[in-house]
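Student: quick one, fold the following:
(2 chains, ligands or ions: 2)
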Amino acid sequence: MAPNDVGSTGIGASVRRREDRRFLTGRGTYTDDINRPNQTYAWILRSPHAHAAIKSIDTTAAKGAPGVVAVFTGAELGKFGMPCGWLVTGKNNTPMVEPKHPALAEGKVRHVGDPVAVVIAETKSQARDAAEKINVDYAPLPAIMDMKAALKGGGTPVHDAAASNLCFDWELGDKAAVGAAFTKAAHVTKLDLVNNRLVPNAMEPRAAIGDFDRATGEHTLYTTSQNPHVIRLLMGAFVLGIPEHKLRVVAPDVGGGFGSKIYHYAEEAIVTWAAKEIGRPVKWTAERSEAFISDAHGRDHITHVELAMDKDGKFLALRCETLANMGAYLSTFAPCIPTYLHGTLLAGNYATPAIHTNVKAVFTNTVPVDAYRGAGRPEATFQIERLIDKAARELKMDPAELRRRNFIKPSQFPYQTPVALVYDTGNYDATLDQVLKLSDAAGYEKRKAESKARGKLRGRGLASYIEACGIAPSNVVGSLGARAGLYEAATVRVNPTGNVTVFTGSHSHGQGHETTFAQVVSDMLGIPMDQVEISHGDTNRVPFGMGTYGSRSLAVGGTAIVKAIDKIVAKGKKIAAHMLEAAEADIEFKNGKFQVAGTDKSKAFGEIALAAYVPHKYPLDTVEPGLDETAFYDPKNFTFPAGAYVCEVEVDPETGVVEVQSFATADDFGKIVNPMIVEGQVHGGLVQGIGQALLETCVYDKDGQLQSGSYMDYTMPRADDVPSFKVAHSVTACTHNPLGVKGCGEAGAIGAPPTVINAIIDALSEFGVTHIDMPATPNRVWKAIQDAKAGRH
Amino acid sequence: MPTVNLTVNGKAVSANVEARTLLVNLIREQLGLTGTHVGCDTSQCGACVVHVDGKSVKACTMLAVQANGSKVTTIEGLANGDKLHPMQEAFREHHGLQCGFCTPGMVMSAVCLAKGHPNLTEKEVREGLEGNICRCTGYHNIVQAVLAGAKAMGG
Ligand code: FES
Ligand code: FES
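Tutor: Ligands and ions are numbered 1, 2, ... in the order given. Below is the predicted model:
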């Protein structure tokens, strides 16, 4: 894009964020900050058991408690089933088992935290106090916790429809070709891995307010959502049967999502339904301990993976077997995560000719599992990058060299992988070279010696990653089982005096769209950024939208804006041609001016806008008044950001404590609109990835009680757990969207876990340790060292 | 119900509260100052940090009645009219916030940490913010912001 007069705020500039002022002064409006006149408060009574039959529920005492307005149970709300948005079809064309997921439990509870009843009262404390008076008679059943044991069946399954707790058994790739490649391999490396279960933990707990206007018959739901239109569609059409024109969903400022706020949750349907039922607004806000047992969790895979190589370390084939935990019910996009966002990514950055994967999805008595920052791609990357590292060690080869030898080379794009995807562009050697330099590979031995002098073991880890963002196109994902389209919509409304309001279906919950999108619009229209307003998050304002997840906002949502601007410019040219008495083909639009090519005759953008709304000298017989255009954009392909990361750790062999000493990244996100925001996204992703590698995990006991259910027990990364980062970019522009952008939101969380673990293994290699599970806590690291010393591995 | 009298952001306020009401609930629900956030129920996250008589306090760990007679400053009271406090300005300049949910608590903690310490080190900042969780930023830019903010405050 040609630089123009708005250069300092245009595409490529680190413009400071416009949303910051309200957040910094305490004037953001999050859902829990909203209060409706005459509002009531809901408290959800949740199951204390992982698995139990409900023999009876007695709500009499609760109904009579002070301030109580109503109490509802599965008797009223069990009829509403929470929908799943993706149908995966397994081997032999067998569709997944899709059991009902009632809004409030019906006859049985299936995980600790499963909602059983809702109390609505004048105050939150009254609702909470009354909930304690509900008497539920449970008959506990043995909890199904371990995926391998669950698949053997026996006992009462989580759902009657799945006797052996199997949701689906899915495969992808050419099994015969992989088998043949393995028989002629010179070397095979094998690895068993656990991808630990995580809790997303956006800092704003989920909240929802239902409101019903008796005069108009319109429902309004205020909710902490990444995609208000998706919630309107799912809840309106598939749960409560409210038509879209009578249902408004507002997702105001949202305090982080990381995937966990994509899904349609029961509480949204409960408050929406109850508000009409009782004739008053109903507000619900989760407490943190409630969030731990009711927000969808992430990851939770067990995998066996094998790599076949020839004598030179060239990859011949990869095969893996994964068990993926679905939890007790299918959350909105759960089935697609271990399949189409995981199996399809197993080529990584490498030209492996044959790949086969088998994924078995399992029901257990745990909180439902769905997408969490990266969603399937971190699991795929962890497998590949840990395996390659192990292979390099076995072959006594430099891990960077082994990767280089197998990278897909720039000349091979577009590259068809053996697992369905076509990568459009990339340069993996470039990011690898960049990160090795940035991380001072040359000075490593010296640093290692210094660490040793202090009694510490230093290790250096490397990983590459590829990500598939902006999941698309709709017709392809539809054929793979998606029950929604995956396009994005935008309206660009030019107001009469030349300022612009943009309505986008993307939703910002920290990503800074109000700034980035305004930069794009300002740059393209040649008007100052303060003349551009970005509006999002309200289904009554924005035409439609699929929301923000999977690093799709700029690549898909941004492109929809670009397409709408193209229409604005095209119409502007018609108007300008008339006003300037020139042929439309001779009009150029540059720097905010419509100009007759080769002359100095021009009209400013604002003059055209005014003419469109005050159409006095105007081509009324061929052009409508007004300057307001909407575009829907359905991408032709995913985008494929990629990169390489290096981290150095120090391990204290006496205590097992791991300290991340340095972390360097080189990412290729395609073209970048706001480098400051992009770097912030990388930092945030890295810490979530480091958190997974070193600190975070869900611990359930055998009875299904979540032991790590609060910030006292679940180790969130804090400022003193992580270092500062060195981040760099290189650019290969995406070939199929006009901005050339790829997406950056998840990269850090995808690349960091294998990088950290590879570094720890490197540090422990002198003991012969070859693998350690995440999180690599001091206890685990210390034990690995002791076991290795004692020859127990 | 007990009555509490306190000064909030320079204004005298008086409210009737249940004895079990937390300071953060008084601030958010009764005074309508929703800039102070609640991110947890175990006093771990720091989203609720305000200043009570000049010291940073997790407003979820203090009963409203305990604040009786105190001077409380919330994030809404930090700027001087339209002019941001130097720490707020530093967070903006250094992109120390994304979703903004941890931000009020983070800024209030940072102001206290920086007071009298214009030359904080990175290590001191990281340790000093140990009681504030941010899930978005990875802390890198928060640390940069606090170092710059501390300088700008000049101690
Ligand atoms: S709300 Fe988390 S520490 Fe106060
Ligand atoms: S900016 Fe989102 S939690 Fe800190």
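Student: CA only for contacts and neighbour counts going forward, please
Tutor: Will do.
Student: what about the residue in the stretch 301-450 of chain A positioned nearest to ligand 1, how many residues nearby?
Tutor: Nearest residue of the stretch 301-450 of chain A to ligand 1: residue A:372, at 22.1 Å (CA to the nearest ligand atom). By other CA atoms under 10 Å in any protein chain shown, the residues close to residue A:372 number 27.
Student: and residue B:31, by the same measure?
Tutor: Per other CA under 10 Å, the neighbour tally for residue B:31 reads 14.
Student: can you name the element that comes right after the helix or strand where residue A:289 lies?
Tutor: Using DSSP states H and E, residue A:289 sits in helix A:288-294. Toward the C-terminus, helix A:288-294 is succeeded by strand A:301-309 as the next helix or strand (DSSP H and E).
Student: touching chain A at all, the longest helix along chain B?
Tutor: Ranked by residue count under DSSP state H, the longest helix found in chain B is helix B:140-153. Yes - Helix B:140-153 comes into contact with chain A (CA under 8 Å from any CA of the partner chain), by way of B:140, B:141.
Student: in chain A, which ranges drop under the pLDDT threshold?
Tutor: For chain A, the stretches with pLDDT under 70 are A:1-7, A:793.
Student: circling back to that earlier point, does the residue of the stretch 301-450 of chain A closest to ligand 1 touch residue A:299 like I think?
Tutor: Yes - Residue A:372 is within contact range of residue A:299, at 7.2 Å (criterion: CA atoms under 8 Å).
Student: I'd like to know how many residues surround residue 9.
Tutor: Using chain A here. Applying other CA under 10 Å, we find 22 residues neighbouring residue A:9.
Student: not what I meant, chain B
Tutor: Per other CA under 10 Å, the neighbour tally for residue B:9 reads 16.
Student: hmm, residue A:408 and residue A:351 touching each other?
Tutor: Yes - using CA under 8 Å, residue A:351 is in contact with residue A:408, at 5.1 Å.
Student: what's the nearest residue to the residue of chain A at minimum distance from ligand 2 if we skip its chain neighbours?
Tutor: For chain A and ligand 2, the shortest gap (CA to the nearest ligand atom) falls at residue A:203, measuring 5.0 Å. Using CA to CA, 6 or more residues apart in numbering or on different chains and skipping the chain neighbours, the partner closest in space to residue A:203 is residue B:39 (5.6 Å).
Student: please apply the same query to residue A:369.
Tutor: Leaving aside its chain neighbours, residue A:369 sits nearest to residue A:297 (4.5 Å; criterion: CA to CA, 6+ apart).
Student: mind listing what the closest residue in space to residue A:204 that isn't next to it in sequence touches?
Tutor: Leaving aside its sequence neighbours, residue A:204 sits nearest to residue A:255 (CA to CA, 6+ apart; 4.7 Å). If a contact means CA atoms under 8 Å, 6 or more residues apart in numbering or on different chains, then residue A:255 has A:30, A:202, A:203, A:204, A:205, A:224, A:509, A:510, B:99, B:100, B:101 as its contacts.
Student: shouldn't residue A:474 be in contact with residue A:483?
Tutor: No - counting by CA under 8 Å, residue A:474 stays clear of residue A:483, with 9.6 Å between them.
Student: quick one: which of those two has more around it?
Tutor: Higher neighbour count among residue A:474 and residue A:483: residue A:474, with 19 against 15, using other CA under 10 Å.
Student: what does chain A have sitting close to ligand 1?
Tutor: Chain A has no residues near ligand 1, with proximity defined as CA under 6 Å from any ligand atom.
Student: could you chop chain A up by domain?
Tutor: Following automatic domain parsing, one finds the domains of chain A at A:7-28+A:487-633, A:34-141+A:203-256+A:261-294, A:301-472+A:637-789.
Student: Three-state assignment for residue A:486, please.
Tutor: Here residue A:486 is recorded as coil under DSSP: H, G, I helix; E, B strand; the rest coil.
Student: my read: it touches residue A:636, true?
Tutor: No - counting by CA under 8 Å, residue A:486 stays clear of residue A:636, with 10.8 Å between them.
Student: what is in contact with these two at once?
Tutor: A:472, A:473.
Student: that older thread, the helix holding residue A:289 near chain B anywhere?
Tutor: Yes - applying CA under 8 Å from any CA, one finds helix A:288-294 touching chain B at A:288, A:289.
Student: middle-most residue in chain B, spatially?
Tutor: residue B:108 (3.0 Å; CA atoms, centre = their mean).
Student: my guess is residue A:478 meets residue A:486, correct?
Tutor: No - using CA under 8 Å, residue A:478 is not in contact with residue A:486, being 9.1 Å away.
Student: who's more crowded, these two?
Tutor: Between residue A:478 and residue A:486, counted using other CA under 10 Å, residue A:486 has the larger neighbour count: 23 against 16.
Student: how about the residue lying closest to residue A:758 once chain neighbours are set aside, secondary structure?
Tutor: Spatial nearest neighbour of residue A:758, chain neighbours left out: residue A:461 (4.5 Å); criterion: CA to CA, 6+ apart. Secondary structure, three-state DSSP: residue A:461 is strand.
Student: so how far is ligand 1 from the closest residue to chain B within the stretch 51-200 of chain A?
Tutor: Of all residues in the stretch 51-200 of chain A, residue A:200 sits closest to chain B, at 8.9 Å by CA to the nearest CA. Noted for residue A:200: a distance of 16 Å to ligand 1, by CA to the nearest ligand atom, to the nearest Å.
Student: burial measure for that residue, as a count.
Tutor: Other residues near residue A:200 come to 23 when the count uses other CA under 10 Å.
Student: same deal with the one 4 residues further on?
Tutor: Residues lying near residue A:204 (other CA under 10 Å) number 29.
Student: list the contacts for the residue of chain B found nearest ligand 1?
Tutor: For chain B and ligand 1, the shortest gap (CA to the nearest ligand atom) falls at residue B:43, measuring 3.4 Å. Contacts for residue B:43 (CA under 8 Å, 6+ apart) come out as B:58, B:60, B:61.
Student: and those residues near ligand 1, which?
Tutor: Intersecting the contacts of residue B:43 with the contacts of ligand 1 gives B:58, B:60 (criterion: CA under 6 Å from any ligand atom).
Student: could you dump the contacts of residue B:43 to CSV with pLDDT and neighbour count?
Tutor: Shown next, in CSV, are those (pLDDT from 0 to 100; neighbours: other CA atoms under 10 Å in any protein chain shown):
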residue, pLDDT, neighbour count
B:58, 98, 24
B:60, 98, 25
B:61, 97, 16
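Student: a markdown table please, covering the contacts of residue B:43 and showing secondary structure and distance to residue A:646.
Tutor: Below are these laid out as a markdown table (DSSP: H, G, I helix; E, B strand; the rest coil; distance: CA to CA, whole Å):
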| residue | secondary structure | distance to residue A:646 |
| --- | --- | --- |
| B:58 | strand | 37 |
| B:60 | coil | 40 |
| B:61 | coil | 41 |
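Student: any stretches of chain B with poor pLDDT?
Tutor: Regions of chain B meeting the criterion pLDDT under 70 are absent.
Student: just give me the neighbour total for residue B:114.
Tutor: As a burial measure, residue B:114 scores 25 neighbours (other CA under 10 Å).
Student: okay but it is in contact with residue B:145, surely?
Tutor: No - judged on CA under 8 Å, residue B:114 makes no contact with residue B:145 at a distance of 11.2 Å.
Student: off-centre distance for the helix or strand hosting residue A:323?
Tutor: For residue A:323, the element it lies in under DSSP H and E is strand A:315-327. The chain centre lies 21 Å from the centre of strand A:315-327; the measure is CA atoms, centre = their mean, to the nearest Å.
Student: how many residues are close by the nearest residue to residue A:376 once chain neighbours are set aside?
Tutor: Sequence neighbours aside, residue A:342 is the residue nearest to residue A:376 in space, at 4.3 Å (criterion: CA to CA, 6+ apart). Using other CA under 10 Å, residue A:342 has 22 other residues around it.
Student: sweet, I'm off.
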